[in-house]
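Asker: need a structure here:
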Amino acid sequence: MQKALESALTELVLGAPLAANDAEAFRAFLSRHGVTDDDARALVEQGLDRLLVYRSLVRDTLEHALEVAMPRAIARLGPLFDEYFSRFLAEHGPTTHYLRDVASEFLNFCEPLWANDGRIAPYLFDLARHEALRIVVAAAPPGQAEPDAALDLDAGLRFTEAARLVHYAYAVHELPDDVDDRTLPERRETHLFVYRGPDHRVRYLALTPLAASIVDHLLRGASLRRSLLAATAQHRTELSEAVLSGTARLLADLSERGAVLGPCRERLTPDGKPS
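Answerer: Have a look, this model is predicted:
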């Protein structure tokens, strides 16, 4: 019985709206979910008004969470946001208990759909993901740095849990913050290291493709040596003194920014690959 009521309430909140004055449609709706005749009769007698208020409260809360997470992307989507928001609720719905995670679930749902929807500009998914990442990084727990720790080629690096490496096809990080702006981003391969600074502000550092590859391997748990070798091989670049010194400067900079906390043991899977 409890499961039947939960199922009915979930569809009532997330699915297509029911007419408040259509008792027969409400009764058929409850029957379809397996609600007993006695409980259905009681609910129909109470009417839909309070349940529809609850529906509005839940949907408004979820919509507001998305508007806070990615205001510029939503403004550029216009009415298409309402369409995809309704589809997300009806076809998938949030599974998280945390409002800060709703945007990630919404974007995971939308990614394959937007890619095949000619009405949506190709850069908008990058912009939405870029905006939503700010809340994820801001909410991550802080880490404790190890003072004066020296780099070790055969050790990995411990990053703050707020650190992220993202890759975009468009330079959406250069767009103005104004939600009413409609400047189009440059189509340019973009690699951003995202972290929360000591001042608790979310910050972004643009990386070259080679630097991004090195950092990616380090984030996955590889040692500095393994990361350098893998990245230079991937980019068909010689592991030169310039690469070594440039990497040292980058990691020192990330350490000063509070993103690198110190060395750690290399993390490998049973087959010998970084985790």
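Asker: Residues touching stretch 254-273, excluding its own?
Answerer: With Cβ atoms under 8 Å, 6 or more residues apart in numbering as the test, stretch 254-273 has contacts from 143-146, 149-152, 154-160, 162-163, 193, 195-198, 203, 205, 220-223, 226, 251, 274-275. Every C-beta, even on glycine, is put in place using the N, C-alpha and C of the backbone.
Asker: Now, those that are in helices?
Answerer: Using DSSP state H, R226, L251 are the members of the contacts of stretch 254-273 that sit in helices.
Asker: List only buried entries from the contacts of stretch 254-273.
Answerer: Buried residues within those, defined by neighbour count using 16 or more other Cβ atoms under 10 Å: 143, 145, 149, 155-160, 162-163, 193, 195-196, 203, 205, 220-223, 226, 251, 274.
Asker: pLDDT averaged over the helix or strand hosting L113 - what is it?
Answerer: Applying DSSP states H and E as the criterion places L113 in helix 102-115. Averaging pLDDT along helix 102-115 yields 98.
Asker: Dump whichever helix or strand comes after that helix to CSV, keeping only the CA atoms.
Answerer: Downstream of helix 102-115, the first helix or strand assigned by DSSP H and E is helix 124-139. What follows is helix 124-139, C-alpha atoms only, in CSV (Å, rounded to 0.1, in the frame of the first residue of the first chain):
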residue,chain,number,x,y,z
LEU,A,124,25.2,25.3,-24.7
PHE,A,125,26.0,22.0,-23.1
ASP,A,126,29.5,23.2,-22.4
LEU,A,127,28.2,26.4,-20.9
ALA,A,128,25.6,24.6,-18.7
ARG,A,129,28.2,22.1,-17.5
HIS,A,130,30.7,24.9,-16.8
GLU,A,131,28.2,26.9,-14.8
ALA,A,132,27.0,23.9,-12.8
LEU,A,133,30.5,22.9,-11.9
ARG,A,134,30.9,25.9,-9.7
ILE,A,135,28.4,24.6,-7.1
VAL,A,136,30.0,21.1,-7.1
VAL,A,137,33.5,22.6,-6.5
ALA,A,138,32.2,25.1,-3.9
ALA,A,139,30.6,22.3,-1.9
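Asker: Check which helices and strands helix 124-139 sits against.
Answerer: Applying 3 or more Cβ pairs under 8 Å, 6 or more residues apart in numbering; DSSP states H and E, one finds that helix 124-139 contacts helix 49-69, helix 71-77, helix 102-115, strand 164-170, strand 187-196, strand 202-207.
Asker: R72: neighbour count?
Answerer: Using other Cβ atoms under 10 Å, the number of residues around R72 comes to 21.
Asker: if I look at it, how far off is T160?
Answerer: Going from R72 to T160 by Cβ to Cβ, to the nearest Å gives 26 Å.
Asker: try L229
Answerer: Taken as Cβ to Cβ, the span from L229 to T160 is 25 Å.
Asker: again with F106
Answerer: Applying Cβ to Cβ to F106 and T160 gives a distance of 26 Å.
Asker: per-residue confidence for D148?
Answerer: We have a pLDDT of 67 for D148.
Asker: about what we covered before: Throw the helices and strands packed on helix 124-139 into a markdown table and include distance to G93, thanks.
Answerer: Below are those laid out as a markdown table (distance: least, Cβ to Cβ, whole Å):
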| stretch | distance to G93 |
| --- | --- |
| helix 49-69 | 9 |
| helix 71-77 | 19 |
| helix 102-115 | 9 |
| strand 164-170 | 26 |
| strand 187-196 | 28 |
| strand 202-207 | 28 |
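Asker: if we compare these, which one ends up closest to V179?
Answerer: Minimum separation from V179 across the helices and strands packed on helix 124-139 (Cβ to Cβ) falls at helix 71-77, 4.5 Å.
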